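Chemist: Test case, fold it:
(one chain, ligands or ions: 2)
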Amino acid sequence: MSELRITAIRALQILDSRGYPTLRVQLEIDTGAVFEASAPSGASTGAHEAVELRDGGTPFSGRGVTGALASVTGEISNLLTSRPWVSQRELDEALCALDGTGNKSRLGANALVAVSMAAARGFAAGTGHSLHTWISQALGRAERLPVPHFNVLNGGQHAANALAFQEFMIAPVGAATYPQALEWGADIYHALAATLRTRGLATGLGDEGGYAPEISSPEEALDLIVSGIDAAGHRPGISEVAIALDPAANSFFQDGSYHLNGRHYTPSQMVSYYGKLLDNYPIRSLEDPLAEDDAESWPELVSALGGRAQIVGDDLFVTQAARVTAGIRSGSATAVLIKPNQVGTVTETLETLAVASAGGFTAMVSHRSGETTDTFVADLTVGSGCGQLKAGAPARGERVAKYNRLLEIADSNPALPYGLAILSGEGDTDA
Ligand SMILES: O=C(O)[C@@H](CO)OP(=O)(O)O
Ligand SMILES: [Mg+2]
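Modeler: Numbering: from 1, shown residues only. Ligands and ions are numbered 1, 2, ... in the order given. This is a model prediction of the structure:
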C-alpha cells in the first residue's frame, strides 16, 4: 500500500441537518489531491459513546465546534503532516494516542472521526480503488448492495409528537435490485403521506425526514405504515416489504420500567409486548428494544424473540468492539448497529465489524439524526457486505445523499449482489 503524505489540513465549520455546527475536514496530500469528510451528530446518544467536543455558552446553544476545529488545525495537523503514514491503522492509532483519553473527549470524537474518514478516502485513492472496495479488502469481505431501511415515521427524541418509539422503518427485502428497492421506498413514502392526509393527520417531518403525525401508540404507527405499503401496491411481509423498529428504549425507560401507551411495563412485560407486535406485523428487526441501563434483560428478550427478528444493539454497544464482544458472550443481541462517530475512528469501526462477524452477529450501518451530505456510510455498508443500511427517509438532501451514492455504486458495479447478508465469517449467505 502506498504511503499517505499529508501536506495540509483544513477544517471548516458547517451546519448539520438540524442547523447546529459541525466540521468538515480536508486533507491535502503531496500529489495535490484533496480528501474531505464531515462529522455527523446524534441526538439519542448512548452513555458510552465517544464524546464530541462542543464549546458551551453561545452561539449555537452551546453547540459550537470552535474547540474541535482548533484540535484539527492545531495538534492533529502538526502530527499528521510530520511524517508519512503507511496505513489507516497506524494513523488512527496515532490519533487515539494523541487524544490520550478513553473516550476521545480531549480532541473531540467529531474532530477525530472527520479526520479519520478523510484519511480513509486518501488511502483508498492511493490503492486506485473506490472507498467501498478498499473497505471490503481491509475487512476481507465480499461487497454487497444493502437493503435500505427507510425511516418513514419518526417519534421519540427525533420528533415533537407523543410517539415513544423513535423510528419506524420499511425495508424492501423483496426488491430484485437496489434501484428497485429505492423506487419502492419512495413510492411507499409518498403513499404514506396520502394515507396520513386522508385521515386528517399532519405530514410534517421529524429529524430523519420521516413523517411525525400526532399519534401516540406504536400500533397506530404500524397500522398507518401497513396501509401505506398496501396503498403503494406492495405487500407488507417479512420477505417483501418488511418493517424495522428502533424504539430507542433509553428514552422511555425510567425507574426500572418502560413508560409506554400510558402504562408502565416491566422488562418482562416489554418482551411480551414486542412478541405481540411480531405476531401482528411483519417486523424483521428490533433495535434498542430495551434500555442500555437494563442490560441484564436483553438476554431474556433474545431468548424469547431472537429467532423471530434481528435484535440490534445501538446505545448498548455504541460501535465498540469490547462491548460487542461482551454482548456476544452474554447473548444480549444478535446484531450491532455501526456508526463511525460513536467510536471515533475508521479502524475501530472496522474492528467492531470484524468482531461482530466472527461472533455470528449481523450488522447494520447507520447515519446519525444530525447529518451532512457526506456519504461515507454508504461505502462502508457496501464494503462491509453487511447488507443493511439505515439512512432515514427517502427524502431530504442529507438522507438521499447516501441513497444516491448507493445508486452510483450500483450503476458502476452492475455485478454487485443486492440483499440481506449474514456476517458469519463464512461469506455472504442470504438471510
Ligand atoms: O438511534 C439511532 O439509531 C440514531 C440514528 O437513527 O439516532 P441518533 O443519531 O439521534 O442517535
Ligand atoms: Mg438507534
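
Chemist: contacts, neighbours, all on C-alpha from now
Modeler: Noted.

Chemist: what stretches of the stretch 151-300 of the chain score poorly on pLDDT?
Modeler: Nowhere does the stretch 151-300 of the chain drop to pLDDT under 70.

Chemist: give me the residue from it nearest ligand 1.
Modeler: Residue nearest to ligand 1 within the stretch 151-300 of the chain: Ala248 (5.9 Å; CA to the nearest ligand atom).

Chemist: residue nearest the centroid of the chain?
Modeler: Nearest to the geometric centre of the chain sits Ser366, at 1.3 Å (CA atoms, centre = their mean).

Chemist: That one - nearest residue in space that isn't next to it in sequence?
Modeler: With sequence-adjacent residues excluded and distances taken as CA to CA, 6 or more residues apart in numbering, Ser366 is closest to Lys390, at 4.9 Å.

Chemist: in the helix or strand that contains the one you found, what's buried?
Modeler: Assigned by DSSP states H and E, Lys390 falls within strand 388-392. By 16 or more other CA atoms under 10 Å, the buried positions in strand 388-392 come out as Gln388, Leu389, Lys390, Ala391, Gly392.

Chemist: Using CSV, write out every CA atom in that strand.
Modeler: What follows is strand 388-392, C-alpha atoms only, in CSV (Å, rounded to 0.1, in the frame of the first residue of the first chain):
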residue,chain,number,x,y,z
GLN,A,388,-28.3,-3.3,5.7
LEU,A,389,-28.2,0.5,5.9
LYS,A,390,-30.4,2.9,7.6
ALA,A,391,-30.1,6.5,6.4
GLY,A,392,-33.5,8.0,7.2
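
Chemist: quick check, nearest of the buried residues of strand 388-392 to Glu208?
Modeler: Gly392 (4.9 Å; CA to CA).

Chemist: what residues are up against the closest one?
Modeler: His149, Phe150, Asn151, Val152, Glu208, Gly209, Gly210, His367, Arg399 (CA atoms under 8 Å, 6 or more residues apart in numbering).

Chemist: Looking at those, which are in strands?
Modeler: His149, Phe150, Asn151, Val152 (DSSP state E).

Chemist: tell me which residues in the biggest helix by length in the chain are buried?
Modeler: The longest helix of the chain (DSSP state H) is helix 178-198. Under the neighbour-count criterion of 16+ other CA under 10 Å, helix 178-198 has 178-179, 181-182, 184-196 buried.

Chemist: what about the residue nearest to Ser366, distance to ligand 1?
Modeler: If you measure Lys390 against ligand 1 using CA to the nearest ligand atom, to the nearest Å, the figure is 7 Å.

Chemist: Pull the residues that contact stretch 93-112.
Modeler: Counting by CA under 8 Å, 6+ apart, 22-23, 39-41, 48-53, 67-69, 71-72, 76, 341-345 sit against stretch 93-112.

Chemist: how about the residues of the stretch 201-350 of the chain near ligand 1?
Modeler: Neighbours of ligand 1 within the stretch 201-350 of the chain, by CA under 6 Å from any ligand atom: Ala248.

Chemist: Quick one: the helices in the stretch 201-350 of the chain, in order.
Modeler: For the stretch 201-350 of the chain, applying DSSP state H, counting those that start in this stretch gives helices covering 218-231, 267-280, 298-305, 321-330, 340-343, 346-358.

Chemist: Just put those helices in JSON lines and tack on mean neighbour count.
Modeler: Putting the helices of the stretch 201-350 of the chain into JSON lines (neighbours: other CA atoms under 10 Å) gives the following:
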{"stretch": "helix 218-231", "mean neighbour count": "19"}
{"stretch": "helix 267-280", "mean neighbour count": "16"}
{"stretch": "helix 298-305", "mean neighbour count": "18"}
{"stretch": "helix 321-330", "mean neighbour count": "17"}
{"stretch": "helix 340-343", "mean neighbour count": "29"}
{"stretch": "helix 346-358", "mean neighbour count": "22"}
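
Chemist: any chance of these in TSV, with distance to Ala111 too?
Modeler: Listed next are those as TSV, based on distance: least, CA to CA, whole Å:
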stretch	distance to Ala111
helix 218-231	37
helix 267-280	38
helix 298-305	33
helix 321-330	21
helix 340-343	10
helix 346-358	13
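
Chemist: To Gln137, which of those helices lies closest?
Modeler: helix 346-358 (11.2 Å).
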